[in-house]
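# below are the sequence and a predicted model for it; my questions follow.
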Amino acid sequence: MKTKAYHAFEQKVIYFDDDIALIDVLRESVLRGDLTDPGSDFVLRNIDPEKHGHLKRRKNSDGSRKLLINHLRQTVYSSYVKDIYEEVTHYLRTILEKSAENGFDAGRIIGEHSAKFDAKAILAIGNWESVAKLIADSIFQALEAEKSTLKLFEKISNKLALGIDNVLIEAALPYLEVRHYLVHADGKAPDDFKQKYPHISIKDGYFQLSYTFVSNLKNTTKALIKAYDEAVVAANLLKAIDLQP
């Protein structure tokens, strides 16, 4: 048994993995010369100068092709990191909402994150599920506002009494935290990151995204979210309608 939220997470990761596999296939094809036209002035076969105005300026050379495909690969890897992070937070938000909707201990869910809502707004919502979602969303936004991925994981675990092993959190944490620097610092790593996480590749001050990096991100993150889901299911936190075999 698993939650529908976890099933949705798994399906999204499968689609993201297709992107990683596709860019690898394309890169190998480009580097092998499968997309090279020796009789053309263009960097790749099938370039239409009218349609592909930017690509037509690139030289027909191995060096130019390598730069082109490697830049695309970095773009896909960067998107992968951001997408995985977004799906992780969406999963955590969903289990918090659904646990609140199912009547889990309000004191634990609210904790130190008290919130006030206009009575008219609550009455206008019209049903308990929407009220629970409103409150849970407010709590989750407060957690996100703390701008700490570690605290987000730990506090969701504590609020729902899941008892998630910190080893799993610590394993995924550095890969997920890279997302912040890709979004807010153009991929530049802070000075202390290399010392704190020496296994994360940094070159000339910037994170080096690679197939190994995204694979580790996927594996550690899937293991962590699976642990959350197993704990949620074991504790019967969600309604039967929110579960699936």
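Here it is on my side, so go on. Numbering: from 1, shown residues only.
# for residue 206, phi and psi?
phi -120, psi 150 (degrees, to the nearest 10).
# that one: neighbour count?
15 (other Cβ atoms under 10 Å). In short, each C-beta sits where N, CA and C put it, glycine included.
# and for residue 10?
For residue 10, using other Cβ under 10 Å, the count is 16.
# tell me if it really is in a strand.
No - looking at residue 10 with DSSP: H, G, I helix; E, B strand; the rest coil, it is helix, so not inside a strand.
# ok, the residue lying closest to it once chain neighbours are set aside to residue 201 distance?
Excluding the flanking residues, the one nearest residue 10 by Cβ to Cβ, 6 or more residues apart in numbering is residue 222, at 7.9 Å. Distance, residue 222 to residue 201, using Cβ to Cβ, to the nearest Å: 21 Å.
# how about the one helix or strand residue 89 maps to: buried residues?
Using DSSP states H and E, residue 89 sits in helix 62-101. For helix 62-101, a neighbour-count test (16 or more other Cβ atoms under 10 Å) marks 65, 68-69, 73-74, 76-78, 80-81, 83-85, 87-89, 91-101 as buried.
# likewise for stretch 184-192?
187, 189.
# would you state the strands of the chain in chain order?
2-3, 202-203, 206-207, 243-244 (DSSP state E).
# and of those strands, who's closest to residue 171?
strand 206-207 (17.7 Å; Cβ to Cβ).
# gap between that closest one and the chain center?
Centroid displacement of strand 206-207 relative to its chain, using Cα atoms, centre = their mean, to the nearest Å, is 18 Å.
# list of residues touching that strand?
178, 181-182, 187-189, 200-201 (Cβ atoms under 8 Å, 6 or more residues apart in numbering).
# and if you look at stretch 23-33?
For stretch 23-33, using Cβ under 8 Å, 6+ apart, the contacting residues are 35-36, 44, 65-66, 68-70, 72-73, 76-77, 211.
# any residues touching stretch 159-166, and which ones?
So stretch 159-166 is contacted by 95-96, 99, 104-105, 108-109, 111, 139, 153-154, 156-157, 224, 227-228, 231-232, 235, 237 (Cβ under 8 Å, 6+ apart).
# no wait, stretch 142-157
Taking Cβ under 8 Å, 6+ apart as the rule, stretch 142-157 contacts 89, 92, 95-96, 111, 113, 115, 162-164, 166, 169, 173, 176-177, 180, 224, 228, 231.
# quick one: mean pLDDT for that stretch?
For stretch 142-157, the mean per-residue pLDDT is 92.
# got the buried residues for it?
By neighbour count on 16+ other Cβ under 10 Å, the buried set for stretch 142-157 is 143, 149, 152-153, 155-157.
# need the pLDDT of residue 117.
67.
# again with the one 5 residues further on
What the model reports as pLDDT for residue 122 is 71.
# in this structure residue 134 contacts residue 123, no?
No - at 11.8 Å, residue 134 and residue 123 do not qualify as touching, with contact defined as Cβ atoms under 8 Å.
# neighbour count for these two, which is higher?
residue 134 (17 against 9).
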